[in-house]
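*Asks:* Show me how the following folds:
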Amino acid sequence: TVPRCYWCNEEITPQNDSSEHVIPRAIGGKLEGTGYLCLRCNNGPAGDVDKPMAAHLGYLYKLTQAARSVPPADLSLSGVSSDGQIFRFYTGDLTPQTTLQIKLGPRTIELEGAQLDVFRRARKTLNNLAKKDSKIKPSALDNFQLEERPMPVLYFTNHSPGKSASGGVNFFRSVLKTAVNYFLYSGGQADQVSIAIRMVREIQDERWWDKARFFYPGPQYPPIHDVGPDEISHMMHLRGDAKNRVLYCYVELFNSHNVLVLLSDYYTGPELTATYCYDIISKQVLPKTVNLPFKNREHVVDPFMVDQ
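*Replies:* The predicted structure follows:
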């Protein structure tokens with residue numbers, strides 16, 4: 001079968017093929033596949049579908065990177081204080097913003113930012129002022145006043161509190177695309193998930209988004225999988241049930257955002273079971289035994305039925 005881009009239906013060749021992250025790289029996804037999105041679509045409209053997931057969950061990925069033994073030096077993140085003020089953390093150890101005041105007689109110069117960055121900017125500022133005013137000495141920085149603002153953090157966010165809440169059509173559309181990607185990565189055929197692909201490509205009717213919902217079984221059920229003490233992972237569990245003609249994918253992001261995606265309720269493909277789990281902290285693929293509380297077709301389909 002000639003592979004075709006599931007977005008534009010163009011034949012995929014070595015010249016226009018692209019490497020697609022099954023889970024977006026912006027939230028720590030590492031699994032990649034080829035042969036199902038052309039380069040133009042992957043860099044254009046298909047890639048844009050991933051942006052809401054990054055907007056909703058990108059701050060969690062930054063927090064996992066800050067927890068690493070050697071965090072990125074350029075890491076920055078926003079937080080919200082008890083009084084509702086938004087402020088920034090800087091550098092790999094999430095140092096809170098620093099206020100540096102330089103008093104030059106009656107004049108005060110105030111700079112804010114990461115501590116080392118503030119010091120560099122202050123020296124540069126004084127050097128520039130000294131060129132214009134002989135009374136100003138760069139050595140004035142030796143008498144600086146450093147103030148660290150006490151701002152107790154209530155939660156971290158993506159630069160705006162409203163962006164930290166997950167859900168909505170565009171977020172579930174991103175998750176649906178992840179599920180479609182994993183099905184194709186696992187050897188599935190695009191015609192088996194044609195409605196799901198159409199849902200990824202087009203937003204026509206919000207009722208379609210009952211195909212993807214948050215999924216948290218009650219305490220009467222055993223855990224879906226065992227999470228290690230230092231584990232923060234992304235997991236996908238794909239199940240094609242030929243007997244009951246249903247195809248679904250459980251997507252778990254950061255062990256906290258759990259979504260069940262109904263890829264097809266008229267599945268005619270072969271029996272299929274695939275599981276992938278990637279630990280963002282250890283950067284290792286983990287073996288998993290997955291326990292979903294589904295005994296028959298209705299158990300999968302019913303959560304997606306519109307409430308009467």
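*Asks:* quick one: the strands in the stretch 101-250 of the chain?
*Replies:* Along the stretch 101-250 of the chain, counting by DSSP state E, counting those that start in this stretch, strands occupy 107-113, 145-148, 153-157, 212-214, 233-241, 246-253.
*Asks:* These: lowest mean pLDDT?
*Replies:* Among those, strand 145-148 carries the lowest mean pLDDT, a mean of 52.
*Asks:* Which residue ranges of the protein form helices?
*Replies:* 39-42, 45-48, 51-66, 115-132, 169-185, 194-201, 297-301 (DSSP state H).
*Asks:* which one of the ones you listed lies closest to residue 261?
*Replies:* Comparing the helices of the chain against residue 261 with CB to CB, the closest turns out to be helix 169-185 (4.0 Å). Any C-beta I mention is one placed from the backbone N, CA and C, and that applies to glycine too.
*Asks:* Compare the helices of the chain and say which comes out lowest on pLDDT.
*Replies:* helix 115-132 (a mean of 73).
*Asks:* Which elements pack onto that helix?
*Replies:* Packing partners of helix 115-132 (3 or more CB pairs under 8 Å, 6 or more residues apart in numbering; DSSP states H and E): strand 98-104, strand 107-113.
*Asks:* What about the nearest residue to residue 33 once chain neighbours are set aside, how many residues nearby?
*Replies:* Once flanking residues are discounted, residue 33 sits nearest to residue 185: 4.1 Å by CB to CB, 6 or more residues apart in numbering. Neighbour count of residue 185, defined by other CB atoms under 10 Å: 20.
*Asks:* repeat for residue 1
*Replies:* Residue 1: 6 neighbours (other CB under 10 Å).
*Asks:* Just give the closest residue to it, not the sequence neighbours.
*Replies:* residue 189 (7.7 Å).
*Asks:* end-to-end on stretch 42-62?
*Replies:* 24 Å (CA to CA, to the nearest Å).
*Asks:* Any idea how far it is from the middle of the chain?
*Replies:* Mean-position distance between stretch 42-62 and its chain equals 6 Å (CA atoms, centre = their mean, to the nearest Å).
*Asks:* Isn't residue 292 up against residue 237?
*Replies:* Yes. Contact criterion CB atoms under 8 Å: residue 292 and residue 237 qualify, at 7.0 Å.
*Asks:* between the two, which one's more packed in?
*Replies:* Neighbour count, other CB under 10 Å: between residue 292 and residue 237, residue 237 has more, with 22 against 17.
*Asks:* Who does the more buried one form a beta bridge with?
*Replies:* Beta bridges link residue 237 to residue 250, residue 275 when assigned by DSSP bridges.
*Asks:* how close does residue 261 sit to residue 122?
*Replies:* Using CB to CB, to the nearest Å, we find residue 261 at a distance of 52 Å from residue 122.
*Asks:* cool, and residue 173?
*Replies:* For residue 173, the distance to residue 122 (CB to CB) stands at 46 Å.
*Asks:* Then residue 169?
*Replies:* Residue 169 is 47 Å from residue 122, by CB to CB.
*Asks:* More neighbours: which of the two?
*Replies:* Ranked by neighbour count (other CB under 10 Å), residue 169 and residue 122 place residue 122 first, with 20 against 13.
*Asks:* how far away is that one from residue 128?
*Replies:* 11 Å.
*Asks:* same deal with residue 261?
*Replies:* In terms of CB to CB, residue 261 sits 57 Å off from residue 128.
*Asks:* what does residue 196 give?
*Replies:* Taken as CB to CB, the span from residue 196 to residue 128 is 59 Å.
*Asks:* and those two? which has more neighbours close in?
*Replies:* Legend: neighbour count by other CB under 10 Å for residue 196 and residue 128, higher for residue 196 (25 against 11).
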